[in-house]
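> my questions are about this predicted structure, shown below with the sequence.
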Amino acid sequence: MILANVRGRLRAQDLRVVATALAGGDVRRREDYERLLLEEGPDRLLDHPGLLEALLAIRTLIVPSPLLFAYVAVRHTLLAAGVIDRDLADYLAALLLEFGDHDRSTRVRRHDDQTYAYLVDIVGDLTGLDDTGERGFLLRAHLGNYSLWLAGLFPDFIEARRSRKGGPDLPYYDELGRQGYQLASEHHLAGRYGVAEIYRSAAERFPTLRAAFNRLSDQVFFASATTPDKILRNL
């Protein structure tokens, strides 16, 4: 299952990249940032307002690792939306990395025979399932995760499917995503795995998280794409 563990997997090399990116070629500034890392730990620099832009501007062989970039991109996007919960940012960065791997987003766990293309299929499998079992827990979490993944990073796809085939709109994903995270937070396994509070926070803030992921998609992952809906979202 997905855990909030991206920040904890950052290595010394990642933090050197942070210092180098923020220094912008100034050796003395880089030394100051490295000293700050030693004295205060990584969080202050990882939250530096200019870090995401600095990482995007790197044009050398020294590049951010997927772990570093995912954490910084999600953390700064959420901070801009007023969400300061560091554990939630850590979890959503892990979600971004995990679901970006092949067809992982359609499965409740990495190695699972069942795939889900539609949220209604997840809801259908939850109906009548043993609420106390592990699969019920994974399906609840996946309902939240998959809703945020689809509606957050691919809003133009959602809108195109809605206009062409009568598919659901973004508020539909907001509601099912909120329900999925809320139900997952109430499951006894959420406490065992240390994700209950993260799920509760995600449920409470789901529309805000989805809108933040829309901005991340528009400004970072699909920055060169232009669609009418993207223009409207960024007015």
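Everything's here; your move. Numbering: from 1, shown residues only.
> hey, let's count contacts and neighbours off CA atoms from now on
Will do.
> any low-confidence regions in this structure?
Residues of the chain that meet the criterion pLDDT under 70 lie in 235.
> the helices in it, which residues?
Using DSSP state H, the helices of the chain run over 12-23, 27-40, 43-46, 51-57, 66-80, 86-99, 119-126, 134-153, 155-165, 170-186, 188-192, 196-204, 206-216, 228-233.
> which one, of those helices, ends up nearest to Ile2?
helix 86-99 (6.5 Å; Cα to Cα).
> spatially nearest residue to the residue nearest the centre of the chain, not counting backbone neighbours?
Closest to where the C-alpha atoms of the chain average out (Cα atoms, centre = their mean) is Leu92, at 3.1 Å. Nearest non-adjacent residue to Leu92, counting by Cα to Cα, 6 or more residues apart in numbering: Val74, 7.0 Å away.
> separation between the residue of the chain most remote from its centre and Ala151?
Going by Cα atoms, centre = their mean, the residue of the chain most distant from its centre is Arg28, 34.0 Å out. Distance, Arg28 to Ala151, using Cα to Cα, to the nearest Å: 43 Å.
> need the helices of the chain in CSV (columns: distance to Ala4).
Output for those, formatted as CSV (distance: least, Cα to Cα, whole Å):
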stretch, distance to Ala4
helix 12-23, 18
helix 27-40, 22
helix 43-46, 15
helix 51-57, 20
helix 66-80, 10
helix 86-99, 4
helix 119-126, 23
helix 134-153, 13
helix 155-165, 25
helix 170-186, 14
helix 188-192, 13
helix 196-204, 9
helix 206-216, 16
helix 228-233, 29
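> tell me which of those helices sits nearest to Asp113.
Per Cα to Cα, nearest to Asp113 of the helices of the chain: helix 134-153, 12.5 Å.
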